[in-house]
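Enquirer: structure for the following, please:
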Amino acid sequence: MASQLLIRVVVYAAMLMACLQPTTGAGLWAKAFSVLLASVLAWTVCRFLPVTEVDGKGKAVLVTGCDTGFGKEVSRVLHDRGFTVFAGCVLKDKGGEGARELAAVGSPRLHVLQMDVTSDDSLWKARQYMEENLPDKDAGLWAIVNNAGTSTYGLVEWCPIETYKRVAEVNLWGTVRVTKVFLPLVRKAKGRVINIASGLGRSCAPSRSAYGITKYGVESFSDVLRYEMKRWGVDVSIIEPGNFISATNIFNKQGIERTAKELWDGMTDEVKEAYGKKALDDYKLLMHQYATEGSRDTSPVVDAMVAAVVAVSPKVRYNPMQFYWHVRTFIMTHLPEWIADNIYIY
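Expert: Predicted coordinates for the structure are as follows:
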């Protein structure tokens with residue numbers, strides 16, 4: 001880790017010297033631009049530096065939310081790279097397709113666990129099973145990948161408080177709950193925790209508050225955990241995907257329609273009169289468009305998750321998102337609100 005940090009410092013120093021040299025005797029703005037240019041160039045160069053990776057043999061990884069999407073795919077990839085994988089599936093006891101597909105691999109290094117991230121009892125049972133089946137009981141758990149998640153939509157006045165609680169119970173409290181149960185095993189391994197947030201955890205959008213607040217919470221929780229785990233040699237990384245709804249099927253046509261009906265049926269007459277049915281139909285159409293426009297390829301997110309598990313020095317944040325979301329996130333987090341809001345919101 002120290003050697004890679006030293007390389008980055010040397011690269012930045014070299015770029016800074018090269019950019020500042022022509023500005024000798026120039027004004028403050030020229031020097032400030034040179035520092036910015038040096039930062040961009042150093043960041044670009046460091047992106048292509050070789051990454052030292054750990055050997056998965058003898059190391060165990062826990063992945064939550066493996067019934068579908070990213071969790072199911074990353075479990076397979078990590079298993080193929082030599083890790084022992086404990087794949088948590090909430091639908092295992094109901095014969096869920098994802099749990100059956102992973103179990104069909106038939107490998108002693110791929111364990112499919114019944115796991116409900118909203119249940120303390122379920123998690124402690126999973127930990128007991130894990131401790132009995134770790135490849136090296138003295139080595140602990142190399143990584144937690146907190147992937148389990150759910151989503152919804154609806155304006156603040158439309159969403160009942162129960163919706164906020166339901167989404168938070170999985171996305172936020174589920175992440176906290178899993179981390180607290182398994183963190184002692186990660187400390188033993190001097191491993192890492194990887195939390196799946198979202199681009200909407202950096203800059204949210206109208207109708208996504210119930211989802212957005214959970215991802216902002218995951219960002220904050222991850223940052224604080226990173227500060228606290230430094231002394232133990234445990235890394236904490238955050239994955240911030242862009243729009244991959246089409247790939248994960250977290251929203252589908254039936255789900256969007258069902259949510260719209262539940263929202264309308266749950267509104268008070270006062271709210272219905274204020275907004276009107278057309279406003280709901282407009283947001284429903286927007287969600288249909290959002291769901292169909294997203295990437296159908298899970299590999300950018302899966303690759304980021306794998307990189308966070310295998311890198312000797314993992315990044316703090318991985319941003320597997322489309323160019324549009326890179327630009328939007330930068331503008332929404334760096335420019336004055338009156339500029340960013342008028343570009344993307346109003």
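
Enquirer: run through the strands of this structure in chain order.
Expert: Along the chain, counting by DSSP state E, strands occupy 60-63, 84-89, 110-114, 143-146, 192-196, 235-239, 317-318.

Enquirer: what packs against the fourth one?
Expert: Translated: strand 143-146. If contacts are counted by 3 or more CB pairs under 8 Å, 6 or more residues apart in numbering; DSSP states H and E, strand 143-146 sits against strand 60-63, helix 173-189, strand 192-196, helix 299-310. (Each C-beta comes from the backbone N, C-alpha and C, glycine too.)

Enquirer: which helices and strands does the second one pack with?
Expert: In other words, helix 173-189. Packed next to helix 173-189, using 3+ CB pairs under 8 Å, 6+ apart, are helix 120-133, strand 143-146, strand 192-196, helix 209-229.

Enquirer: can you give me how far the first one is from the chain middle?
Expert: Relative to its chain's centre, helix 120-133 lies at 24 Å (CA atoms, centre = their mean, to the nearest Å).

Enquirer: between that helix and helix 173-189, how big is the angle?
Expert: Going by axes from the mean of the first three to the mean of the last three CA atoms, to 10 degrees, helix 120-133 is angled at 20 degrees with respect to helix 173-189.

Enquirer: so what's the spatially most central residue of the chain up against?
Expert: The centroid of the chain falls nearest to I196 when counting by CA atoms, centre = their mean (1.9 Å). Applying CB atoms under 8 Å, 6 or more residues apart in numbering to I196 gives the contacts 70, 145-147, 149, 218, 238-239, 241, 305.

Enquirer: could you redo the last one with a cut-off of 10 Å?
Expert: Taking CB atoms under 10 Å, 6 or more residues apart in numbering, we find I196 in contact with 64-65, 70-71, 74, 145-149, 171, 175, 215, 218, 222, 237-241, 301, 304-305, 318.

Enquirer: what do you get for F86?
Expert: Counting by CB under 10 Å, 6+ apart, F86 touches 60-64, 66, 75, 109-113, 115, 126-127, 129-130, 133-134, 141, 144, 182.

Enquirer: likewise for T84?
Expert: By CB under 10 Å, 6+ apart, T84 lies in contact with 56-62, 78, 107-111, 130, 133-136, 141-142.
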